[in-house]
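1. kindly return the folded structure for what I paste below:
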Amino acid sequence: MHVDLNVNGTIAHCVVTLIPSDNSGTIIIDQECQFATSPPKGRWEIVGGTGAYANLNGNGSLTMPPNAEAMTGYIYH
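-> Numbering: from 1, shown residues only. Predicted coordinates:
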């Protein structure tokens, strides 16, 4: 995961790259997280993929309670 914070640390832009254990491709997800809320929340979107995931799309919301991250939404081809 690559993380960029804004100047005051209240918003983060994250790029998550998922690589399945069978090396069938990758999934790249952009996240924008807002830390001014409790728990922190934001949005996610699939922005790319390779191999078996080349045409994968999806988006939704996310929350980050302590020591966790939960993404909900839709994934489709």
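2. measure Ile11 to Met1 for me?
-> 16 Å (Cβ to Cβ, to the nearest Å). C-beta here means a position set from N, CA and C on the backbone, and glycine is covered the same way.
3. and these two? which has more neighbours close in?
-> Shown here are Ile11 and Met1; by other Cβ atoms under 10 Å, Ile11 has more neighbours (16 against 10).
4. quickly note the distance from the closest residue to that one other than its chain neighbours to Gly9.
-> Excluding the flanking residues, the one nearest Ile11 by Cβ to Cβ, 6 or more residues apart in numbering is Gln34, at 5.6 Å. Using Cβ to Cβ, Gln34 is found at 11 Å from Gly9.
5. which one's more surrounded, the two?
-> For Gln34 versus Gly9, the count of surrounding residues by other Cβ under 10 Å is larger for Gln34: 14 against 9.
6. bridging residues for that one?
-> Taking DSSP bridges as the rule, Gln34 bridges to Ile11, Lys41.
7. and it, what is it in contact with?
-> Shown in contact with Gln34 (Cβ atoms under 8 Å, 6 or more residues apart in numbering): Thr10, Ile11, Pro40, Lys41, Gly42.
8. highest neighbour count among those?
-> Top of the contacts of Gln34 by neighbour count (other Cβ under 10 Å): Gly42, with 20 neighbours.
9. can you give me the neighbour number for the spatially closest residue to that one that is not a sequence neighbour?
-> Nearest residue to Gly42, sequence neighbours excluded (Cβ to Cβ, 6+ apart): Cys33, at 3.9 Å. Number of residues near Cys33 (other Cβ under 10 Å) recorded here: 21.
10. which residues touch Cys33?
-> Neighbouring residues of Cys33 by Cβ under 8 Å, 6+ apart: Ile11, Ala12, Cys14, Pro40, Lys41, Gly42, Leu62, Met64.
11. thank you, goodbye.
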